[in-house]
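A.B. asks: Curious how this folds, go ahead:
(one chain, ligands or ions: 1)
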Amino acid sequence: MVYFDHAATTPMRLSAIDAWVEHAGALNAGSQHAAGRRANAVLADARERIAAVLGADPVEVVFTGSGTEANNIGVRGLFEASELDRVVATPIEHPAVLEVVKSLGQTEWLPVGRDGHVSDLALLDTPAAVAAVMWANNETGAIQPVAEVVERASAAGTPVHVDAVQAVGHVPVDFHALGATTLAASAHKFGGPRGSGILLAKRSPAPQPVILGGGQERGIRSGTVDVASAAATAAALEEAVAETAQIETLRDMLIDGVRERVDGVVVVTQAPALPGHAHFLFPGANADALIMLLDTHGIEVSAGSACASGVVRMSHVLEAMGFDEREAMGALRVTVGRTNTKADVEQFLAAIPEVVERARAAGAL
Ligand code: PLP
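C.D. replies: Purely as a prediction, here's the structure:
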């Protein structure tokens with residue numbers, strides 16, 4: 001099979017599997033006895049390595065159970081730590097942020113252009129409880145102007161949460177240089193285990209906890225920490241940032257090849273964007289048909305966003321970018337990763353003209 005769905009999740013790296021297996025027997029890192037201290041030493045080492053890669057202090061690294069959980073704590077936690085109830089966010093956030101924002105105070109939405117990038121930051125000049133802007137969009141790969149967002153929001157005294165789940169391990173991320181208040185990452189997006197998230201949280205203002213308990217992780221995320229997953233996450237992250245894979249070259253080859261072979265294709269992914277993302281619209285075709293037909297050719301891709309797959313509905317990201325429902329129904333997300341080769345791209349390009357033709361014919365029935 002050719003796997004082109006690395007933005008949904010990417011296979012675990014051997015270095016991460018080895019670290020996970022090595023520490024699978026670790027006991028409670030909060031215990032005072034020797035076994036607890038041993039587990040805590042492994043956890044401290046993972047925390048330090050992650051902090052070093054991401055430009056944070058070890059104390060700012062909070063281990064969570066997923067990227068979703070890190071986002072919930074960042075957004076809701078900063079909102080609850082503030083006395084204001086105004087929220088500023090983009091309408092293209094992942095549901096892990098979007099649904100939280102919608103459940104809070106009065107939200108004002110930053111406008112997004114047809115290229116998938118936030119186009120005007122003026123709303124950030126008025127103080128808010130929290131501003132939430134993603135580093136890179138999971139559907140289109142579009143990289144957002146997060147440095148400018150932090151600068152404008154900070155001038156108004158607004159804390160900023162950045163969902164960097166798609167960015168960490170793929171583009172350089174430096175928490176201190178950025179100056180955000182909180183930042184979320186997820187290990188399974190860069191070759192770590194699924195169910196392991198990271199929240200970077202400045203000392204002040206610190207997010208209020210979302211769940212209450214034993215006070216682990218600075219009281220921000222109670223619950224006994226999964227030491228083996230933390231060690232595996234650190235190993236995967238170090239390997240990911242050291243990698244010089246040809247992901248971007250393969251992605252560009254794929255986009256150029258599709259443009260040459262398929263009439264009427266719209267390339268949604270616009271620079272600046274993540275190196276592995278290629279998001280297309282094939283007007284007249286249905287994404288479900290495209291996916292099933294590609295599957296018969298042994299090629300695995302996704303419709304818009306894996307989180308929304310299985311449910312036939314318009315992508316909120318494409319809607320915010322100004323596409324209509326007819327255009328958005330033929331949305332296909334192809335995401336290249338470290339396991340892909342030139343032969344994979346060639347296999348995709350050999351299949352795509354006939355697949356689109358058949359999907360369009362089915363759509364016209
Ligand atoms: N944020 C973004 C941008 C994502 O792409 C995802 C996963 O698809 C998440 C958050 C959720 O992360 P997790 O799957 O670790 O809960």
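A.B. asks: alpha carbons only for contacts and neighbour counts from here, please
C.D. replies: OK.
A.B. asks: Return the set of buried residues in the lengthiest helix in the chain.
C.D. replies: Ranked by residue count under DSSP state H, the longest helix found in the chain is helix 342-364. Along helix 342-364, these residues count as buried under the neighbour rule (16 or more other CA atoms under 10 Å): Asp344, Val345, Phe348, Leu349, Ala351, Ile352, Val355, Val356, Glu357, Arg358, Ala359, Arg360.
A.B. asks: tell me what the least confident helix or strand in the chain by mean pLDDT is packed against?
C.D. replies: Within the chain, confidence by mean pLDDT, DSSP states H and E is lowest for helix 325-328 among all helices and strands, at a mean of 86. With contacts taken as 3 or more CA pairs under 8 Å, 6 or more residues apart in numbering; DSSP states H and E, helix 325-328 sits against no other helix or strand.
A.B. asks: Could you list the buried residues of it?
C.D. replies: For helix 325-328, a neighbour-count test (16+ other CA under 10 Å) marks Glu327, Ala328 as buried.
A.B. asks: which residues are in contact with the next helix or strand along the chain from it?
C.D. replies: Proceeding N to C from helix 325-328, the next assigned helix or strand is strand 331-335, under DSSP states H and E. Strand 331-335 is contacted by residues 4-7, 139-140, 251, 276-282, 286-287, 290-291, 301-305 when judged by CA atoms under 8 Å, 6 or more residues apart in numbering.
A.B. asks: 7 Å instead?
C.D. replies: Contacts to strand 331-335, defined as CA atoms under 7 Å, 6 or more residues apart in numbering, come from residues 4-7, 139, 276-282, 287, 301-304.
A.B. asks: likewise stretch 287-300?
C.D. replies: With CA under 7 Å, 6+ apart as the criterion, stretch 287-300 contacts 1-5, 301-303, 329-332, 355-356, 359.
A.B. asks: distance between that stretch and the chain's centre?
C.D. replies: With CA atoms, centre = their mean, to the nearest Å as the basis, stretch 287-300 stands 24 Å off its chain's centre.
A.B. asks: could I have that stretch exported to PDB, CA atoms only?
C.D. replies: Extracted in PDB, the C-alpha atoms of stretch 287-300 (Å, rounded to 0.1, in the frame of the first residue of the first chain):
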ATOM      1  CA  ALA A 287     -14.300  12.900  -2.300                       C
ATOM      2  CA  ASP A 288     -15.700   9.600  -1.100                       C
ATOM      3  CA  ALA A 289     -15.600   8.200  -4.600                       C
ATOM      4  CA  LEU A 290     -12.000   9.400  -5.100                       C
ATOM      5  CA  ILE A 291     -10.900   7.800  -1.900                       C
ATOM      6  CA  MET A 292     -12.500   4.500  -2.700                       C
ATOM      7  CA  LEU A 293     -11.100   4.400  -6.200                       C
ATOM      8  CA  LEU A 294      -7.600   5.300  -5.100                       C
ATOM      9  CA  ASP A 295      -7.900   2.600  -2.400                       C
ATOM     10  CA  THR A 296      -8.500   0.000  -5.100                       C
ATOM     11  CA  HIS A 297      -5.100   1.200  -6.600                       C
ATOM     12  CA  GLY A 298      -3.500   0.600  -3.200                       C
ATOM     13  CA  ILE A 299      -3.300   4.300  -2.400                       C
ATOM     14  CA  GLU A 300      -4.500   5.700   1.000                       C
END
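A.B. asks: Check which residues of it are buried.
C.D. replies: With burial defined by 16+ other CA under 10 Å, the residues of stretch 287-300 counted as buried are Ala287, Asp288, Ala289, Leu290, Ile291, Met292, Leu293, Leu294, His297, Ile299, Glu300.
A.B. asks: Among those, which lie within helices?
C.D. replies: Short answer: those in helices (DSSP H) are Ala287, Asp288, Ala289, Leu290, Ile291, Met292, Leu293, Leu294.
A.B. asks: Which elements pack onto the longest helix of the chain?
C.D. replies: Where contact means 3 or more CA pairs under 7 Å, 6 or more residues apart in numbering; DSSP states H and E, helix 342-364 is packed against helix 247-261, helix 287-296.
A.B. asks: possible to save the ones you listed as a markdown table with distance to Gln106 and mean pLDDT?
C.D. replies: A markdown table is the format used below for the helices and strands packed on helix 342-364 (distance: least, CA to CA, whole Å; pLDDT from 0 to 100):
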| stretch | distance to Gln106 | mean pLDDT |
| --- | --- | --- |
| helix 247-261 | 39 | 98 |
| helix 287-296 | 34 | 95 |
